[in-house]
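# no FASTA, just this:
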């Protein structure tokens, strides 16, 4: 019984903790396309006061990263769909659910590592001041997302993510 409760808790957390990048954006899955994104990109370039050369190099990096992001989003969706289907069964298989939780964690780790690699490449293009502004902006945007997440939890009577499973005896 503890294993089943633990599996359900872990999977609920995994479903709720889907990375922001895995959500469809204004240009479809993965975002990063469409007029809204282009406007945001233009404002970022103005805010950072990028040179034409920097704009070109940044565009190349975005293009390079786009396919990897789309593939990651596709994999995350498949795992989430599999989890939902298994949970919907009369008797879900706890081992399968735990496997899906592990797959989710692995995908999040991969995307995080790719993001760090991307930021290191961006750092080579920008000067110190520009990169600091970019990092501050990213942290601010990430904070906004977390604040929205908190509001969602409050509306539904929760104060945060689901509690961890109880320790096994």
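That came in fine, so what should we check first? All values reported here derive from a predicted model rather than from experimental measurement.

# buried residues in the host helix or strand of residue 85?
Here residue 85, judged by DSSP states H and E, is contained in helix 52-88. Across helix 52-88, burial judged by 16 or more other C-beta atoms under 10 Å covers 54, 57-58, 61, 65, 69, 72-73, 75-76, 79-80, 83, 86-87. Yep, even glycine has a C-beta here, placed from its N, CA and C like the rest.

# Next, the buried residues of the following helix or strand past that helix.
The helix or strand immediately downstream of helix 52-88 is helix 94-125, counting by DSSP H and E. For helix 94-125, a neighbour-count test (16+ other C-beta under 10 Å) marks 94, 96-97, 100-101, 103-104, 107-108, 111, 118, 122, 125 as buried.

# what's the closest of the residues you listed to residue 134?
Within those, distances to residue 134 taken as C-beta to C-beta reach their minimum at residue 122, with 7.0 Å.

# What sits closest to the closest one if chain neighbours are left out?
Leaving aside its sequence neighbours, residue 122 sits nearest to residue 61 (C-beta to C-beta, 6 or more residues apart in numbering; 6.5 Å).

# Let me see the contact set for that neighbour.
Going by C-beta atoms under 8 Å, 6 or more residues apart in numbering, residue 61 touches 118, 121, 122, 125.

# The first one is in contact with residue 66, isn't it?
No. Residue 118 is not in contact with residue 66 according to C-beta atoms under 8 Å; the separation is 11.0 Å.

# and residue 11, what pLDDT?
In this model, residue 11 is scored at 44, pLDDT.
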